[in-house]
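# let me see the structure of the following:
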Amino acid sequence: MGYKKCLAAITLAALAGAAGAQEVKIGLVTTLTGPLGALGKHVRDGFELGVAEAGGKLGGLSTEVIVEDDQLRPDVALQAANKLIERNKVQVITGVIFSNVAMAIAKPAIDNEVFFISPNAGPSQLAGKQCSPYFFATAWQNDQPHQAMGEYLQEQGVKKVYLIAPNYTAGKDALRGFKRAYKGAIVGETYAAMNQLDFAAEISKIRAAKPDALYVFLSGGMGINFTKQYAQANLTNEIPMYSAFTIDSITLPAIGDAAVGTYQTNLWNADLPNKANRHFVESFQKKYGYLPSNFAAQSYDTARLLDSALREAGGASNKKAFAAALKKAHFESVRGSFSFNTNNFPIGNFYLLKVVKQADGTVRQVTEKTALVDAKDAYYAECRM
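Next up, the predicted model:
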């Protein structure tokens, strides 16, 4: 072999070696402890399944996922994010459930040009004026599921509603979204403390206000306790309960019959008939032995989105190419229709679900109808991207 041919062969071998050495490092920051830790377990397991189905290599690249527990504390999350960015050199952060945590992580991630892909939290700030090419949401903008229920109750002619949500960013976004669509009277509006488990005082206020319906956004253990205490107060039939993320596959087994007859809005349910969702539900139950929730579904979608974008961009090192590949969303979503709006938040459907008791005595959620079709959030026009 001549000198030039030999040099060319060595160069090609070096390039091939460099390509083979490419890897992606992902920091998964989620809530794994406390009353809401079950949500983080679903997020972690859903993402893990997506990575496993890619053969452990998202986009065909060697993939390392570093899991951090944010403990639902923005200060802990910020420390974890800084470690992941500075020490671990991650290219992507995901896993965040709560918006106060998301807002703590967003600045260091964006300032360091690390892609932050949220599988759940969708703060209004990041959908509007603080939007960034480094922030993507794969679930919703926080207002949207609640806006869907507000629209449904408006269509049903409900005249008076009482509202309750947790006292943090997403709770306020939630009720703002509900009120954007619902034009009847709000006879009470209560913000509960995060991780609150006793709702006797709030239930007394609801009873005294005598609304036609109650709308609730309380996740995890908060939702379990509230729904059971509400039923024990004999109010479920007197004042019908509507909610989002209060009753789902995580909380329903613990709530049981107290949830029967209640309605929820969500972007996903286990019974959605599309091919990707049927595969996901079956594979998830086989791997983990329990029914997935929307939190698991959203995180699974995030892994599939990353797999498609990393493959198309050849990794995450070319940030412009990687951002463009993420934006295309070339994957089959478990929720059905899915695309990104100009602010990197999804355009997609929201569904009305009902809790029913089946002939065998089991209690489950069934999809009643599509509440919103190809919904866009209310803040995208404020985004300058």
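# how about the spatially most central residue of the chain, nearest residue that isn't a chain neighbour?
In the chain, the residue lying closest to the centroid (CA atoms, centre = their mean) is residue 120, at 2.2 Å. Once flanking residues are discounted, residue 120 sits nearest to residue 97: 4.6 Å by CB to CB, 6 or more residues apart in numbering. To be clear about C-beta, it is placed using only N, CA and C from the backbone, and glycine gets the same treatment.
# ok, residue 319 next?
Nearest non-adjacent residue to residue 319 (CB to CB, 6+ apart): residue 113, at 6.1 Å.
# cool, and residue 363?
Nearest non-adjacent residue to residue 363 (CB to CB, 6+ apart): residue 357, at 5.3 Å.
# what's the burial count for the one you found?
Neighbourhood size, residue 357 [other CB atoms under 10 Å]: 14.
# surely it is in contact with residue 258?
No: between residue 357 and residue 258 there is no contact under CB atoms under 8 Å: 11.2 Å.
# on that earlier part again, relative to residue 118, how far out is the residue nearest to residue 120?
As judged by CB to CB, to the nearest Å, residue 97 and residue 118 stand 9 Å apart.
# elements contacting the strand or helix carrying residue 75?
Secondary structure assignment for residue 75, by DSSP states H and E: helix 74-86. On a contact count with 3 or more CB pairs under 8 Å, 6 or more residues apart in numbering; DSSP states H and E, helix 74-86 meets strand 23-30, strand 62-69, strand 92-94, helix 99-111.
# again, 6 Å this time
Packed against helix 74-86 by the contact rule (3 or more CB pairs under 6 Å, 6 or more residues apart in numbering; DSSP states H and E) you find strand 23-30, helix 99-111.
# what kind of secondary structure is residue 365 in?
strand (DSSP: H, G, I helix; E, B strand; the rest coil).
# surely it meets residue 352?
No: between residue 365 and residue 352 there is no contact under CB atoms under 6 Å: 10.4 Å.
# and the strands in the stretch 51-200 of the chain?
For the stretch 51-200 of the chain, the strands defined by DSSP state E, counting those that start in this stretch occupy 62-69, 92-94, 115-118, 135-137, 160-166, 185-192.
# got it, and the stretch 201-350 of the chain?
213-216, 241-243, 263-266, 338-340, 346-357.
# need the CA coordinates for the first one. CSV is fine.
Spelled out, it's strand 213-216. What follows is strand 213-216 as a C-alpha-only set of coordinates in CSV (Å, rounded to 0.1, in the frame of the first residue of the first chain):
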residue,chain,number,x,y,z
ALA,A,213,-69.4,20.8,40.7
LEU,A,214,-65.9,20.6,42.2
TYR,A,215,-62.7,20.8,40.1
VAL,A,216,-59.6,19.3,41.7
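# can you list contacts of that strand?
158, 161-164, 178, 206, 239-243, 246 (CB atoms under 6 Å, 6 or more residues apart in numbering).
# what do you get if the cut-off is 7 Å, keeping everything else the same?
Surrounding strand 213-216, the residues in contact under the criterion CB atoms under 7 Å, 6 or more residues apart in numbering are 149, 153, 158, 161-164, 178, 206, 226, 239-243, 246.
# distance check, the nearest residue in space to residue 339 that is not next to it in sequence against residue 57.
Leaving aside its sequence neighbours, residue 339 sits nearest to residue 347 (CB to CB, 6+ apart; 5.0 Å). As judged by CB to CB, residue 347 and residue 57 stand 29 Å apart.
# ditto for residue 324
From residue 324 to residue 57 the distance is 21 Å (CB to CB).
# next one: residue 224
38 Å.
# go on, residue 137?
Counting by CB to CB - residue 137 and residue 57 are separated by 25 Å.
# the more surrounded of those two?
Legend: neighbour count by other CB under 10 Å for residue 137 and residue 57, higher for residue 137 (28 against 15).
# ok, what's across the strand from the more buried one?
Beta bridges link residue 137 to residue 118, judged by DSSP bridges.
# and it, what pLDDT?
Looking at residue 137, its pLDDT reads 98.
# same deal with residue 36?
So, for residue 36, pLDDT stands at 85.
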